[in-house]
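In: sequence first, predicted coordinates after that:
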Amino acid sequence: MAADSDSGAPAHLSATIRSELKYGSAAFRAQRARSGRGDAARFASGRARPPLNLCPSTVDPAAARQWLEQWAPDTIEGLVLKPVTGSYRPGRRSARSGWRKWRLRETREAVVGAVTGPVARPTSALLGRWDAAGRLRYLGRTTTLTPSESRQMAAAIIPASTEHPWEGRRFAASWGSHDSLEVELVEPRAVAEISVDASRGAGGGWRHSVRMTRLRPDLAPQNLPLFGDEA
């Protein structure tokens with residue numbers, strides 16, 4: 001999506017130009033915010049080349065819906081919503097600042113390979129899928145399970161045997177963290193249905209925590225697509 005929304009010309013979206021970020025002074029940044037998009041548009045039309053492109057913007061909900069229909073989920077992950085007169089404030093991308101992220105979500109199925117907390121009362125599930133070489137590839141971790149989800153998960157899993165595909169593997173506590181999770185490996189036989197957004201990490205896993213939807217006792221791990229065959 002290299003062009004402004006007025007042109008409607010699609011291209012790959014890989015970077016967003018925010019001209020306000022080029023200026024160190026908060027007062028000057030606020031001043032530039034009023035004309036910043038014009039500066040960015042002139043820059044993009046004159047010199048920008050992929051992977052640096054100008055992100056489109058609009059105040060028309062119909063245009064935003066069209067972007068989602070045309071470009072999601074392969075090209076965009078969702079939308080950023082902000083006040084028309086609002087400027088970017090580093091480190092303050094919260095509801096209070098007026099900036100919100102609206103991410104596309106879809107359901108997927110994955111194998112439960114480990115949990116945090118005791119197996120009898122798990123607090124989250126670590127998920128994966130088998131690849132063509134017979135390896136269980138890690139995809140991501142659920143958000144904290146509700147008490148009901150924890151009870152259902154505990155009833156569906158058993159502690160792993162001595163030979164587990166994730167034996168000795170380290171799991172990061174969060175994206176980019178150097179801290180390790182303490183996990184309990186379980187037999188990779190239970191299948192969970194989860195809600196995920198479109199953001200993917202370099203290794204093909206889900207970048208953000210996924211939301212538990214339900215267990216799928218009607219599915220076995222071999223019924224799922226192989227790792228890499230489905231986003």
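Out: Yep, it's here. Residues are numbered from 1 along each chain as shown.
In: domain assignment for the protein?
Out: 19-103, 106-223 (automatic domain parsing).
In: and those domains, which one is worst for confidence?
Out: Lowest mean pLDDT within these: domain 19-103, at a mean of 63.
In: regarding this structure, what is its longest strand?
Out: Identified as the longest strand of the chain according to DSSP state E is strand 105-116.
In: in contact with the closest residue to Trp130 other than its chain neighbours, which residues?
Out: Leaving aside its chain neighbours, Trp130 sits nearest to Leu136 (5.7 Å; criterion: CB to CB, 6 or more residues apart in numbering). Every residue, glycine included, has its C-beta placed from N, CA and C. Listed by CB atoms under 8 Å, 6 or more residues apart in numbering, the contact partners of Leu136 are 111, 113, 128-130, 165-166, 188.
In: picking that back up, which strands or helices does the following helix or strand past the longest strand of the chain pack on?
Out: The helix or strand immediately downstream of strand 105-116 is strand 124-130, counting by DSSP states H and E. The contact analysis (3 or more CB pairs under 8 Å, 6 or more residues apart in numbering; DSSP states H and E) places strand 124-130 against strand 105-116, strand 136-141, strand 191-197.
In: next, format the ones you listed as a markdown table and append distance to Ser148.
Out: Formatted as a markdown table, the helices and strands packed on strand 124-130 follow (distance: least, CB to CB, whole Å):
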| stretch | distance to Ser148 |
| --- | --- |
| strand 105-116 | 15 |
| strand 136-141 | 19 |
| strand 191-197 | 14 |
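In: if you rank the contacts of Leu136 by neighbours, which is first?
Out: Gly113 (28 neighbours; other CB atoms under 10 Å).
In: my guess is that residue meets Val191, correct?
Out: No. Taking CB atoms under 8 Å as the definition, Gly113 is not a contact partner of Val191, at 11.1 Å.
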